[in-house]
Structure formats: structure tokens, C-alpha cells
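Q: Okay, here's the prediction I keep looking at, along with the sequence it came from:
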Number of protein chains: 2
Amino acid sequence: MSLLQDTIDAVRPLDEKVMNEAQQTLDYLMKPQGSLGKLEDIARQVAGITGKVKNTFRKKAVLIMSSDNGVTEEGIAGSPRDFTMLVTDIMLRGKSGACTLAKHAGGETFVVDLGMEKDPPSPGLINRKIRRMTSNFLHEPAMTREEAIHAIEIGIEETCKLIDKGYDLIGTGEMGIGNTTTSSAMLHVFTGEPLDVVVGRGAGLDDKGLQRKKEVIRQAIALHKPNPADPIDVLSKVGGFDIAGMAGTYLACAARRMPVMIDGFISGVAALLAIKLCPEARNYMFASHGSAEPGAQIIARELNLSPFLTMDMRLGEGSGCALAFHVMDAAMYMMNHQGTFEDLGAPPAISNLHNS
Amino acid sequence: MSLLQDTIDAVRPLDEKVMNEAQQTLDYLMKPQGSLGKLEDIARQVAGITGKVKNTFRKKAVLIMSSDNGVTEEGIAGSPRDFTMLVTDIMLRGKSGACTLAKHAGGETFVVDLGMEKDPPSPGLINRKIRRMTSNFLHEPAMTREEAIHAIEIGIEETCKLIDKGYDLIGTGEMGIGNTTTSSAMLHVFTGEPLDVVVGRGAGLDDKGLQRKKEVIRQAIALHKPNPADPIDVLSKVGGFDIAGMAGTYLACAARRMPVMIDGFISGVAALLAIKLCPEARNYMFASHGSAEPGAQIIARELNLSPFLTMDMRLGEGSGCALAFHVMDAAMYMMNHQGTFEDLGAPPAISNLHNS
């Protein structure tokens, strides 16, 4: 058996019994039942994931997948390809937006190179380069089927290493010029939603560039005919190594019973890929923020997940996960520290109370 | 001159020059321009408020206004009036939802009694009781015009005391059974939006209770004819002391050039009251979360503010402000710690970069 198949096979349902216990605990906290909304949902879901009613995140990480996309040769991106390496270098220096927000939330960032064309000068990169850049999918599949599986398995391995080191909350992040093109193409194939809906301007593409981006995707799909029922086929033909690696992170966290956070549009498509491979993995995911990219709402619908933050952020890198670490931590803190009706010596009747 | 008028007169526009400097600093941080969305908006707005490009919140507080509403005699609330005192007591013990979330965010909570019918047993309450409960506005105005102004001025005074003690980020909170009725009534008068839109179920009112709530508001407005152009008239006839006190907090923060956070529906109506009295005060406000109450979207539209969090929370107490303290802090941290293009030695051209 392959690591990918072993990982998928290891994913189990959430622990319903512990979730029910968590619900009882929540209902006995001093507040109207359900009044803390998604904070309560988070606490219950994390309990079902870890098998413990009360939890604390001791080590938090954003795991960033960096890779280049051959389709950038077609002028579908607003920025030169060098920026993949340059921004990755900024991350390695701890100076990027996601790194800064992660540090503020008591978390760390790690960067895996799955296929950058150039190598950043700063130390600290996790070198798992498959090859320098995917192929230009306008002319040939982005990668082979074997490479696609390998890229997912790298994501699994690097995530498991973090879990082995004690990280108990992991967010996904990415850096790769051209990756709104790859993720829009995959979303289009998976959902059948029209290109006019799923394709956005990325970082400021002009009207002509936007038309070109749609046309390139349309031609590539006509040429390669990716099979929506075969997620690896879709990934290999029009995806990217970064998306594959993030899918590996989701699957690894689900298999190891760890909560995992989705960032924005691209990591959302990777989450969709992961649940196409393993539907149960969805229950281990948390949506950090609503991305400004137009396909983001389609992803939220497909994943049936509702993001916590509405910040109009479009940085990527895992920056939304980093900011939402605070929300995840707050949910745990509420569960562990809020007063109970028992503390008060009051009857649970008060739980149907105020703001009325 | 009265304290209220003096406070209104002291409110000045934001410092445009410092906001422009803040924008330049933001544009030189290592990221695509504007890609951190509302985090950037927060940093710029806070700069315009304090007059400094870079800021840090050293002491954060949620200031909670507790008061009872005479209209609860009409069965418009799902909970008995005693809960105002009981929940306030829980707050004084530091055990409530807002207290727990504030503590997690490094903040504190303070509770002012403006008109609770009963007195909580725990120590620590700031006693500014005007009288025990407002009048039942189905039959007579909730309070006199003098009491309305006095209640706002108490909010101003207690907020200024916190500012004098070094608190530099203040969130609003409230506790008062019946206060979704008072705030819905005020919102209806201020905006002309139909009662079917602005009146919700509060903490779980049934269909019959919901109809009664609307009918009581309708009759009260027919009887008292509050004048939408006279905010104090609206407040005194169908409002509450808690709403008045929170309006005082907004005005005091604006006058003292301090950022102030809106919680949910009720504190949003108080914010609307504050900007009816002093339109410039709006620029000192930040919307923490989108409340589940149906009128919340109308308030967001009227205030032209877009909340940071979408957590389906309906606890009140200032719990949304407490959770959003993290977002405000993260914005300051980003401004103070994220790398610049100068650090990198790279040209600003990179600022038009990734996720494309």
C-alpha cells in the first residue's frame, strides 16, 4: 500500500460520544445555550477530533508549500515568476505577513519547497523539490500522475513530522505565482461552475489578462479532459505541487486526529481535493477567513464550512490561518475557563437567558 | 454648557496627515498593497485617531452597562428580569462569557449599574444607578429627557475614568433583559425600517412573544411619537439606560481620540444614537462581529462599518469586542513588526506581487 492510501485508510469519523460530552459541558457554561455560536462549534469539533472534552493548543504552525507553475509562461499572472522565490525568502527571514501574524498568535511558520524554479538564498527551507516548476498545462499535463501522488505524500510526511514534534494545530499556506490559475481550473473541473465565476484577478490582473487566464484554462481542459471523478487526474493535469502538498497536510491531520485550518482560495481548493480523496477528512477542517477571490464562496459551499473572519484579506501564505489561531485558542479558553452554573450554585434554568 | 455638549464639541476629525503617513508605511510593508484588507484599514484608522503612525494597545477594557427595562412587564422577553442582576453578578465574579474572552485577549471587564432593579451580591460594581428600572414605555416614556442626558453623561464619565487610568482600547457591552426590544424600537424610529425587519427573537422568544414584542413597540410609538430628528427624544421615550451609557462611551472615546469597539445589535443601536448626536464619532468606531439579530445588517449599513468576525454569536455582554481585541492587536503588531521592502533591499516593485 502507498503512504497516500494508508493515510486515507487511517482517517476515522469524529468521536460522537466525546462530542456529546463536550456539548453537555458547553450547555453547562454560564450563557444561553449556543449563544457563543462558532466558538462552541469549534470546541465541540476539536473534542471529537482529539477525543478529549477539553483541549489546549500548545504548539501552532502554518505549513507553507512553495512551488512554481509552468502555466505562468502564458502570461496569466500579474507578477513575474521570480516572486515565488523572493516571497519565500521573505518568509524564511520571518518577515512576511503570515509569519508576522503567526508570531503574534504564538505560532510558527515552516516552508516546504516542492518545485520552485529558483532557490531562495536564506536558510531554513525544507527542501522537497520534485522538479523545478510544473509543466505548462496549456500544452502538456502539469505533472505526471506519479508526481501528483508524490507531492501529496510529501505534504503528508512534512505534516507528520510537525505532529511528531508536538504541533497540535496546523494551518495551511502557499506561495506560487500562477496558483490562482491552477486552483481555478481545478475548482471548475470539480464543480462544473463556469469559468466566469471561478476565475478571478489574483493579485490585480487586468481585463485582458483575466480573459487570457480563462482562455488558457478552457483550452487546457479541452486538451487534457481531466476526469472530475478522479481527483488525482485533475490535480496532475491542471493543478500544482503546492495544492498537492496542502492536500497532504489535510489528510495527514485527519489521519492523526489533529485540527487543520484552511486559509483562502487556493488552500480551499486543496481542501476540496482532500475531501474528494477522503470525504471524512472534512470533519477535521476549520475555515479561517473568507477570501476576496470570487471562487471562495463556491468552496465554502462545497466544503459546507463557514469562515470565522471577514477581513477582505488576499495575501495568501496562510495569513488567514495565522489570524484565526486566536479564534481557535479563544474557543479552547472559553471551554476551559468560563464559569459554569455549578460555580454559581444556580439552576440550569438560567441557561435560557439574556439579551431578550 | 453640559458635559454632553462639551463632549460632542470636543470631537474632531481624524488626522488625515497621519493617516496618509500610515498608508505610506503600509504600502512599504512586504506584501501586495492592500492585501491585508481590514487589518490595514484598522492600522490606518487608529493612526488617524491617535495621531501616531504606530500604536500599541497597552490596556484593553470592555465597559459593560447593566440596567433594567420597565417594558419587560409586557412579556416581551424570554427571560425573567432577575437575570439582569444574576448575569451581572456572574460578570462581577469574572465568570461570564465576555469576561472569559476578554481575559484571553489580555483585557479586563468593568460593569456599571445604571438602573438595575435588584442589586447583585458580588463586589466590584460601579454604582451609578439613576433609578431602579426605566418606566414601561407601553404606558409612559421610558425615562425623562433629563434622565436620558444624565445616563449618557454617566457613560462619558465612566469611560473617561478608564482613559485616565491608561486604557487605550475600549469595547462596549451591555446586560439588560428587554434590551433587544428597546434597541429594536429605536432602530425602527431612526431608520424607518419596518418592525418585521428590525425586531428579532432576542434569546429565543416564541412566535407569540415575537408578535407581542412588535405590537408593544408599535403601540408605544403611536402613543409617544418619538421624533427621529431628536435622538434624545427617541432614547428617552423608547430606549434604555444601558443604550444611553454605551452612547456615552462612544462619544467619550471620540472626544478623547481613542478607538472604541461596537459589540452586537444593542451596542450597534447605541453607536447609531452616538452618531446621530455627533456624526464625526463614527470615525472612532470599529465593528467587532456580525450579530445574529436580524437588525444587525441594517445597523452595519447605517454605520457603514463592516464587522471583522462572523461567529454567529448572540451572547451580548461585549463578548464580540473581547474576541475582536485579538484582531485589533494583530493589526497593530503587523504595522509594528512586518518586514519592509527596505529590510529586503528590494525595489518597491515587488509590492505588486503574489497569489496571481
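A: Received, thanks. The structure displayed is predicted, hence computed values, not measured ones.
Q: Can you pull up the residues of the stretch 201-350 of chain A that come close to chain B?
A: A:201-205, A:266, A:290, A:292, A:306-317, A:319, A:323, A:326-327, A:329-330, A:333-334, A:337-339, A:343-344, A:346, A:350 (Cβ under 8 Å from any Cβ of the partner chain). (Glycine included, C-beta is placed from N, CA and C.)
Q: mind checking pLDDT for residue A:75?
A: On pLDDT, residue A:75 comes in at 89.
Q: is it true that it touches residue A:209?
A: Yes. Here residue A:75 reaches residue A:209: they are 6.7 Å apart, a contact under Cβ atoms under 8 Å.
Q: Those two - which one has more neighbours?
A: Higher neighbour count among residue A:75 and residue A:209: residue A:209, with 17 against 13, using other Cβ atoms under 10 Å in any protein chain shown.
Q: Kindly provide the whole-number mean pLDDT of the helix or strand harbouring the more buried one.
A: Using DSSP states H and E, residue A:209 maps to helix A:207-224. When pLDDT is averaged along helix A:207-224, the result is 95.
Q: Identify each buried residue in it, please.
A: A:209-210, A:212-214, A:216-217, A:220-221, A:224 (16 or more other Cβ atoms under 10 Å in any protein chain shown).
Q: What about the residues of the stretch 201-350 of chain A next to chain B, which are in strands?
A: Among those, DSSP state E puts none in strands.
Q: Just the buried ones from the residues you listed?
A: Applying 16+ other Cβ under 10 Å to these flags A:201-205, A:266, A:290, A:292, A:307-317, A:319, A:323, A:326-327, A:329-330, A:333-334, A:337-339, A:344, A:350 as buried.
Q: Domain ranges for chain A, per the record?
A: A:3-55+A:334-354, A:60-327 (automatic domain parsing).
Q: what's the spacing between residue A:167 and residue A:109?
A: 11 Å (Cβ to Cβ, to the nearest Å).
Q: For the closest residue to chain B within the stretch 201-350 of chain A, report the pLDDT, please.
A: Residue nearest to chain B within the stretch 201-350 of chain A (Cβ to the nearest Cβ): residue A:339, separated by 2.6 Å. Here, the pLDDT recorded for residue A:339 equals 91.
Q: which residues does the closest residue to it other than its chain neighbours contact?
A: Spatially, and ignoring its direct neighbours in sequence, residue A:339 is nearest to residue B:95 (2.6 Å; Cβ to Cβ, 6 or more residues apart in numbering or on different chains). Contact analysis of residue B:95 by Cβ atoms under 8 Å, 6 or more residues apart in numbering or on different chains lists A:30, A:338-339, A:343-344.
Q: Same question for residue A:135.
A: Contacts of residue A:135 by Cβ under 8 Å, 6+ apart are A:70, A:141-143.
Q: Now the buried members of the residues you listed.
A: Applying 16+ other Cβ under 10 Å to the contacts of residue A:135 flags A:70, A:141-143 as buried.
Q: Could you point out which of the residues you listed is nearest to chain B?
A: Nearest member of the buried ones among the contacts of residue A:135 to chain B, counting by Cβ to the nearest Cβ, is residue A:70, at 15.0 Å.
Q: surely the closest one meets residue A:142?
A: Yes. The pair residue A:70 and residue A:142 qualifies as a contact (Cβ under 8 Å) at a distance of 6.6 Å.
Q: what residues are shared contacts of these two?
A: A:134-135.
Q: Mind listing the residues bridging to residue A:173?
A: Counting by DSSP bridges, residue A:173 is bridged to residue A:64.
Q: wait, doesn't it sit right on residue A:64?
A: Yes. Counting by Cβ under 8 Å, residue A:64 is a contact partner of residue A:173 at 3.8 Å.
Q: Name the residues contacting each of these two.
A: A:98, A:109, A:317-318.
Q: Adding distance to residue A:43, write those out as TSV.
A: Output for the shared contacts of residue A:173 and residue A:64, formatted as TSV (distance: Cβ to Cβ, whole Å):
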residue	distance to residue A:43
A:98	25
A:109	26
A:317	27
A:318	23
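Q: residue nearest the centroid of chain A?
A: residue A:262 (3.0 Å; Cα atoms, centre = their mean).
Q: for chain A, which spans come out with low pLDDT?
A: For chain A, residues meeting the criterion pLDDT under 70 lie at A:1, A:203, A:292, A:344-356.
Q: mind listing the strands in it by residue range?
A: Under DSSP E, chain A gives strands at A:60-67, A:107-115, A:126-127, A:169-175, A:260-262, A:285-287.
Q: Make CSV from the ones you listed and add distance to residue B:300 to it.
A: Output for those, formatted as CSV (distance: least, Cβ to Cβ, whole Å):
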stretch, distance to residue B:300
strand A:60-67, 30
strand A:107-115, 30
strand A:126-127, 43
strand A:169-175, 28
strand A:260-262, 25
strand A:285-287, 21
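Q: who wins for proximity to residue A:187 among those?
A: strand A:260-262 (13.6 Å; Cβ to Cβ).
Q: distance of the closest residue to chain B within the stretch 51-200 of chain A from residue A:122?
A: Distance from chain B to each residue of the stretch 51-200 of chain A (Cβ to the nearest Cβ) is smallest for residue A:95, at 2.6 Å. Separation of residue A:95 from residue A:122 (Cβ to Cβ) stands at 10 Å.
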